[in-house]
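**Student:** output the structure for:
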Amino acid sequence: MLHSEAASETAARLDSDNDAITVVRFGEYVYTQIRRFVVVKVKKGFVDACPISTYSGRGTRKQGCNPAEHAIVYCYGSSPGLLDNEYGITKEPICIYPADSSIRIHEASRVRFSKSYPIEMNVKVKDIGKVMAQDMSKLAKYYKEADGSVDSD
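**Tutor:** Model (predicted):
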């Protein structure tokens, strides 16, 4: 989906040639990008979704990233794996069955369960695929643990 969020003035000044940063009403800077999410809960008129990110190809090696909050996300037919010098991911990988053969998921893709976003049902999105049936219970469990809805034992 097309996702926008506030951008700091420092980032906007340092990266003034970046087309993804725009000035909007009241002179505020906004960063816009295509983001991938996995729906973890359907509610009335919206869903809760956890972001999928490669962290610029670094996986959870990115400084400040907590690997224990993440799981590897991979496409059916490929093998999940940690990147070189990537440690601390304790959750089992989540397999996605792609919506069509053109869909690719980067090897550094990680789903972060500790941060979810409400996404309205009327927002235009592109279907990248579905979580494989055998991984649905893991997905729900990891989300509930991060949300504080269930003990992690």
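**Student:** could you use CA atoms for every contact and neighbour count after this?
**Tutor:** OK.
**Student:** care to break the chain down by domain?
**Tutor:** 1-34, 36-147 (automatic domain parsing).
**Student:** need the pLDDT of the closest residue to residue 4 other than its chain neighbours.
**Tutor:** Spatially, and ignoring its direct neighbours in sequence, residue 4 is nearest to residue 32 (4.3 Å; C-alpha to C-alpha, 6 or more residues apart in numbering). Per-residue pLDDT puts residue 32 at 78.
**Student:** ok, now residue 124?
**Tutor:** pLDDT, residue 124: 91.
**Student:** thinking again about what came up before, list the contacts of the residue nearest to residue 4.
**Tutor:** Applying C-alpha atoms under 8 Å, 6 or more residues apart in numbering to residue 32 gives the contacts 2, 3, 4, 5, 20, 21.
**Student:** got it, and residue 117?
**Tutor:** 48, 49, 50, 51.
**Student:** where does this structure have low pLDDT?
**Tutor:** For the chain, applying pLDDT under 70 flags the ranges 8-18, 150-153.
**Student:** farthest residue from the center of it?
**Tutor:** residue 26 (29.3 Å; C-alpha atoms, centre = their mean).
**Student:** hang on, that residue in a helix?
**Tutor:** Yes - looking at residue 26 with DSSP: H, G, I helix; E, B strand; the rest coil, it is inside a helix.
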